[in-house]
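Asks: Pasted the sequence and its predicted model underneath.
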2 protein chains.
Amino acid sequence: MKVAKFGGSSLSNAEQIKKVSRIIQNDPAIRIVVVSAPGVRFPEDIKVTDLLIDLYRCQSNGEDVQKPLQLILDRYRDIITDLDLDESLVETFEKTLLTYLDTIKDPKRLEDALKSSGEDFNAQVMSQYLTSIGNPSKYVSPKEAGIIVSDEPGNARLLSESYEKIAQLRDEEELLIVPGFFGYSKAGDIVTFSRGGSDITGAILASGVDADVYENYTDVSYIYSAHPGIIKNPHAIHELTYKEMRELAYSGFGIFHDEALEPVYKHRIPVMVRNTNRPDIEGTMIVSTREIDANTPVTGIAGDDGFISISIEKYLLNREVGFTRRLLQIFDDFGVSIEHIPTGIDNISVIIRQQKLDESGVSLDTILNKIKEVLEPEELEVEENLSLIMVVGEGMREGVGVLNTATEALSQSDINIRMINQGASEVSMTFTIQSTQEEKALKTLYNAYFNK
Amino acid sequence: MKVAKFGGSSLSNAEQIKKVSRIIQNDPAIRIVVVSAPGVRFPEDIKVTDLLIDLYRCQSNGEDVQKPLQLILDRYRDIITDLDLDESLVETFEKTLLTYLDTIKDPKRLEDALKSSGEDFNAQVMSQYLTSIGNPSKYVSPKEAGIIVSDEPGNARLLSESYEKIAQLRDEEELLIVPGFFGYSKAGDIVTFSRGGSDITGAILASGVDADVYENYTDVSYIYSAHPGIIKNPHAIHELTYKEMRELAYSGFGIFHDEALEPVYKHRIPVMVRNTNRPDIEGTMIVSTREIDANTPVTGIAGDDGFISISIEKYLLNREVGFTRRLLQIFDDFGVSIEHIPTGIDNISVIIRQQKLDESGVSLDTILNKIKEVLEPEELEVEENLSLIMVVGEGMREGVGVLNTATEALSQSDINIRMINQGASEVSMTFTIQSTQEEKALKTLYNAYFNK
C-alpha cells in the first residue's frame, strides 16, 4: 500500500484537485492521502495558510476580521463551486473559524487552530469530491487517525505511543483523506508541526501503517543533481539514499522540510518524489541503500551561503586537553549551533551560520570577547560571507579520484578553497569558499562531474 | 649575542667536546652555552642519563648501586682524562651522587636529582676544558642563572618571575656554561623538565637575555622537507616558520622537544638548527615570519601512524545543539585528548592517538559504550591503524593548486583518502589514510611537490 501526500501547489484550485483525484483513481495502491492547504495559483497569489495567519493577526491586533475571513472562504467557495460540491460546506468552514475566533483565548492555541484549518478544510473538500465522482473516501481528522503530539504550539512532535493507533488505519477498507500539518495534544488541543509540516504527517502515517512507499507529490518531477536556477537542465536523480538527501538538503535542496522524513527514514520506507502535473514521470526515489554505479560517484552538488568562520590560533593548542570542548561550550552557552570544526595543529576554526547567530540574539563581538577571556588565543580571526559547497554521493567512498576531480576543477577556475572537510562517512566533501565565488564553483564542479 | 645549546651526541666524548669548544672559540657572539649530558658514542652505547636512571632504579629496588655508579664515573673519567683535566673532578662527581643517594628520601626528588647530574657534570667539564685552553668560562648552575620552576618532579615549568634574574646574565662578561634539563624549585630542590628538556633550558635563556639567535647544535645539519629514512636525500629546509615547524613536529619531525621552543616563539627569537660536526653549514633557521616563494608553496611533508577514528552517525545530528560538545566531553572526562574532528551533516568523527588512549588507561570499549549511552548514535564505527599525512607550507595559502597536486598524486597512486582536514590557517593539510599506505603516500607526495 501507498501513502500519498499532495502539496499546496497540487491542490491550489479545482483543476489541480481533479488532477490529484485522477492520480488517486488510477492507483488503487494509494490507501491514505495527506493533503496540504491550497497553495498559490499564480505568482502573486497568497496561499490559504498565509491568509489564515493574516486572520489571526487581525484578531490579535483587534482589527476587523471580516476581510481576511471572506478571502479565505472565497478561495474554498471557488473550489467547491468548480467541483460541483454542496456549497453548505463553506458555511461549515465559516462556523468553524468563527468558533475558533470566539472561544480560543490563548493566542498561541488560536494561531495553531486557525493555521490548521487550511489543511483541514482541504481534506474535507477532497474527500467529498472523490466520493462525488464515485470513489468513496473518508475524511479522517488527525485525532481519529491517532496523531497525538507534544503540546508545543507551532512545533509539535509525535508521541511514540501514537503509532499503535495509527497502525490500525491499515485495516480501513475505505480510502482515507487526512489533513496534514497538525496533530492533537493529549488534552485535545490542535497543535501544528513546524512549517512545511504536511510532509511530516505523510511520513508519520506512512511509517505507522508500514507503507510500501511514501509518495510525495509536489510540482517538481525530480530532485536534480544541481540547482536548476544555477545549472541549466541539470541531471535528474532517479534514486538517492536518505544520507545523500540529508547532505543535499543541508545546503539548499529545499524539497523537503528538514525533519519531515525522520519517521520514514527510521522505518526504512522508500520515499518517491512525484509531480502532480506529470504523473507519467516516475520521479526520484529516496531509499535506505542503493547500488552504486562506479561511473557516477557523485549524486549531487549543492551550495549555501551565509557562513562565518572564527579561527583561533595558539602555540601548543593541541596539548591543552579540553581546549576544543571549552571552545564549543561557549557557543553552546550562547545557543549558537556549530556547523563544522576544521582543526590544524595549533589552530582550530568554528564554522557557524549567520542566520543561527542572528536567531540567538547574541552579537559576534560578545562571542569573540568570551573566547578571548576563556581561551586566551594568540590570534582570533573572523571571516564572513562564506559559502559551503557540498559534493555528495554514496559512490564517493569507492572512487579514489573523486576528490581530485573537484580540486582540479576548482583550481583551474582559480577558486580559493578556504577550508575542506571530508568526514569518515565519505558520502560528502565540503569546500568552504568566499560567497562571491559560489556560483562559479557550482558550475565548474557540475561540469567536472556531469559533463565530462 | 647568541645562546648555543649542544645536544648529547655533540658532547658524548672528549673529541666531541673539543669540536664544540672550537665552535665556541670561533664565534665570540656565543655568550651562553647550554649543555646536555653525554649521549651515545656508538649505536649500542648507553647515554649517561639512562645510566643515571638505572642508578636510581637500583637504589629504589634495594639493589647494589656500585655497578651503575662506576659506569657513570667511568664515562666522565674517560672524558676528563682525554681532555687533560684534573681527575679530582671525578671525585667531586662521585661525592655529589653519593650525597644524593644518602640524603634524598623522596623517590621522585631523588630521581630528578640523579637525572640532572648528567647535564650538571658535563657543564662543569665543559667549563674547565674551555678555561684550560685559554677561553675563560664560568659554570653557572640553573639556580645561579635564575631558572626557578614549578615543583613538579619530571615536569617542571618555568615561573615567569624567573625572567627578571635571567635577564641579568646579559651583563656577565665571562662566557657562561649552564647545564640544561633542570631548574630549582622555590624551596631549592632540583626539578627536571620533561624529557629532552635541555632544549627548554636553551630557549628559556635565549628569551631571558633577548638573544639575537638561539643556536641549537645536534648531529643533523638541517630540518629536511621529508624524513630521510623514507625519502632519499630530501631537500634541506633553509628557513621555516614556527608554525610550519610545529605542524611538522606533530607528525614525526622529532628534532625538537614539543614544548621546548615556546619561550623563544613567544619572544620571536629565531632558532638556528646546526650540526656540531659540520659547523660550516648554516643550517635551518626557524623564524616568526618569512617571505614566501610562490614556486615552493610546500615546505615539508610528514606522516605519523597510530591513529584511531571513531565515527558516529545519527539522523538530524546537526540539529542537536551541543551534540559535538557532549561528544568531546566524554573524551575529556576519560582524559583522552582529541586530534581532529571531521564533520559531515549527520555524522562526526573523532580522531585520537592510540598512544594517548593507552596512556589514559581507558579501554576503547569503555569509551564506545559511554558514547552509545549518552548520544544514542545510529551507527558507531571504529577504524584503527590510521596514519595522518601532513603537507605543510606557509606558501599554501597563496597557491590555489596546492591541494590539487596532492589529491592528484594520491589518486594516481591509488591511495584511499579516508578523511581530509584543511583548517583556516591554511599552513597545512592533513590526509588520513590507512597506515599500510603511509610510506607510499609520503613518497608520492614528495615527488609531486619536490621532484616536479
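Replies: Structure's in. What do you need? Here the structure is a predicted model, which means the values were calculated and not measured.
Asks: When you work out contacts or count neighbours from here on, use the C-alpha atoms and nothing else.
Replies: Will do.
Asks: Just the pLDDT at the nearest residue to A:Pro297 once chain neighbours are set aside, thanks.
Replies: Excluding the flanking residues, the one nearest A:Pro297 by CA to CA, 6 or more residues apart in numbering or on different chains is A:Gly395, at 3.9 Å. Predicted confidence (pLDDT) for A:Gly395: 85.
Asks: Count the neighbours of A:Arg20 for me.
Replies: Heads up, residue A:20 is Val, not Arg. Neighbour count for A:Val20, taken as other CA atoms under 10 Å in any protein chain shown: 22.
Asks: Now do the same for it: helix, strand or coil?
Replies: Three-state assignment for A:Val20 (DSSP: H, G, I helix; E, B strand; the rest coil): helix.
Asks: so who does it touch?
Replies: A:Val20 sits next to A:Phe6, A:Ser10, A:Leu11, A:Thr276 when contact means CA atoms under 8 Å, 6 or more residues apart in numbering or on different chains.
Asks: May I ask which of the residues you listed has the most neighbours?
Replies: A:Ser10 (28 neighbours).
Asks: pretty sure it belongs to a strand, no?
Replies: No. According to three-state DSSP, the state of A:Ser10 is helix, so it is not within a strand.
Asks: any idea what sits nearest A:Ile24, other than its immediate chain neighbours?
Replies: A:Ile30 (6.4 Å).
Asks: Tell me both backbone torsions, phi and psi, for that neighbour.
Replies: phi -70, psi 110 (degrees, to the nearest 10).
Asks: Give me the buried positions along stretch A:183-198.
Replies: A:Gly183, A:Tyr184, A:Ser185, A:Asp189, A:Ile190, A:Val191, A:Thr192, A:Phe193, A:Ser194, A:Gly196, A:Gly197, A:Ser198 (16 or more other CA atoms under 10 Å in any protein chain shown).
Asks: Pull the contacting residues for the last one.
Replies: Which is A:Ser198. A:Lys5, A:Gly7, A:Val34, A:Val35, A:Ser36, A:Pro179, A:Gly180, A:Phe181, A:Phe182.
Asks: Count the residues that sit near A:Val391.
Replies: 30.
Asks: Could you say which helix or strand holds it?
Replies: Element membership of A:Val391, judged by DSSP states H and E, is strand A:379-392.
Asks: So which of the buried residues of stretch A:183-198 sit within helices?
Replies: A:Ser198 (DSSP state H).
Asks: In stretch A:391-410, which residues are buried?
Replies: So, applying 16+ other CA under 10 Å, buried residues of stretch A:391-410: A:391-397, A:399-410.
Asks: Just the closest of the contacts of A:Val20 to chain B, please.
Replies: A:Phe6 (24.2 Å; CA to the nearest CA).
Asks: what's near enough to touch that closest one?
Replies: A:Val20, A:Val33, A:Val34, A:Val35, A:Ser36, A:Asn216, A:Tyr217, A:Thr218, A:Thr276.
Asks: For these, give me JSON lines that also has secondary structure and pLDDT.
Replies: Output for the contacts of A:Phe6, formatted as JSON lines (DSSP: H, G, I helix; E, B strand; the rest coil; pLDDT from 0 to 100):
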{"residue": "A:Val20", "secondary structure": "helix", "pLDDT": "97"}
{"residue": "A:Val33", "secondary structure": "strand", "pLDDT": "98"}
{"residue": "A:Val34", "secondary structure": "strand", "pLDDT": "98"}
{"residue": "A:Val35", "secondary structure": "strand", "pLDDT": "97"}
{"residue": "A:Ser36", "secondary structure": "coil", "pLDDT": "96"}
{"residue": "A:Asn216", "secondary structure": "strand", "pLDDT": "95"}
{"residue": "A:Tyr217", "secondary structure": "strand", "pLDDT": "95"}
{"residue": "A:Thr218", "secondary structure": "strand", "pLDDT": "90"}
{"residue": "A:Thr276", "secondary structure": "coil", "pLDDT": "95"}
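Asks: Turn the buried ones among these into a named PyMOL selection, would you?
Replies: The PyMOL selection below is limited to those of these classed as buried (16+ other CA under 10 Å):
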select buried, chain A and resi 20+33+34+35+36+216+217+218+276
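Asks: Identify the spatial nearest neighbour of A:Gln16, chain neighbours not counted.
Replies: A:Ser10 (5.6 Å).
Asks: Which element, helix or strand, includes whatever residue of the stretch 151-300 of chain A ends up closest to chain B?
Replies: In the stretch 151-300 of chain A, the residue found nearest to chain B is A:Glu247; the distance is 5.9 Å by CA to the nearest CA. In this structure, A:Glu247 sits in helix A:242-250 according to DSSP H and E.
Asks: List the buried residues of that helix.
Replies: A:Tyr242, A:Lys243, A:Glu244, A:Met245, A:Arg246, A:Glu247, A:Leu248, A:Ala249, A:Tyr250.
Asks: related to what we said a few turns ago, tabulate the contacts of A:Val20 in TSV, adding columns for distance to B:Arg77.
Replies: Shown next, in TSV, are those (distance: CA to CA, whole Å):
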residue	distance to B:Arg77
A:Phe6	94
A:Ser10	97
A:Leu11	99
A:Thr276	96
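Asks: Identify each buried residue in the biggest helix by length in chain A, please.
Replies: Scanning chain A for the helix with the most residues, using DSSP H, yields helix A:107-132. Neighbour counts over helix A:107-132 (16+ other CA under 10 Å) mark A:109-130 as buried.
Asks: swap in stretch A:171-182?
Replies: In stretch A:171-182, counting by 16+ other CA under 10 Å, buried: A:Leu175, A:Leu176, A:Ile177, A:Val178, A:Pro179, A:Gly180, A:Phe181, A:Phe182.
Asks: Among those residues, name the ones in helices.
Replies: Short answer: the buried residues of stretch A:171-182 have none in helices (DSSP H).
Asks: ranges for the helices of the stretch 351-452 of chain A?
Replies: Remark: helices assigned in the stretch 351-452 of chain A by DSSP state H, counting those that start in this stretch are A:354-360, A:364-375, A:402-412, A:438-450.
Asks: Out of those helices, which gets nearest to B:Ala236?
Replies: Comparison of those against B:Ala236 by CA to CA identifies helix A:402-412 as nearest, at 28.2 Å.
Asks: Below-threshold pLDDT in chain A: ranges please.
Replies: A:195-196, A:251-258, A:319, A:398-400, A:423-425 (pLDDT under 70).
Asks: let's go with 80 and repeat that
Replies: Applying pLDDT under 80 to chain A flags the ranges A:195-196, A:249-259, A:294, A:316-321, A:344-345, A:397-401, A:421-426, A:452.
Asks: show me what contacts the nearest residue to A:Tyr139 once chain neighbours are set aside?
Replies: Leaving out its chain neighbours, the residue that sits closest to A:Tyr139 by CA to CA, 6+ apart is A:Ile177, at 4.8 Å. A:Ile177 sits next to A:Ile32, A:Val33, A:Val34, A:Val35, A:Ala123, A:Gln124, A:Met126, A:Ser127, A:Ser137, A:Lys138, A:Tyr139, A:Val140 when contact means CA under 8 Å, 6+ apart.
Asks: 7 Å instead?
Replies: Contacts of A:Ile177 were listed using CA atoms under 7 Å, 6 or more residues apart in numbering or on different chains, and they are A:Ile32, A:Val33, A:Val34, A:Ala123, A:Ser127, A:Ser137, A:Lys138, A:Tyr139, A:Val140.
Asks: Please list the residues of chain A that sit near chain B.
Replies: A:247, A:311, A:321-322, A:325, A:328-329, A:332, A:337, A:340-345, A:347-349, A:400-401, A:403-404, A:407-408, A:411, A:414-416, A:418-425 (CA under 7 Å from any CA of the partner chain).
Asks: same thing but at 6 Å, please
Replies: Within chain A, the positions adjacent to chain B are A:247, A:321-322, A:325, A:328, A:332, A:337, A:340, A:342-345, A:400-401, A:404, A:407-408, A:411, A:416, A:419-424 by CA under 6 Å from any CA of the partner chain.
Asks: Can I get the buried part of these as one ChimeraX selection?
Replies: Selection command for ChimeraX covering only the buried members of those, criterion 16+ other CA under 10 Å:
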select /A:247,322,325,328,332,337,340,342,343,344,345,400,401,404,407,408,411,416,419,420,421,422,423,424
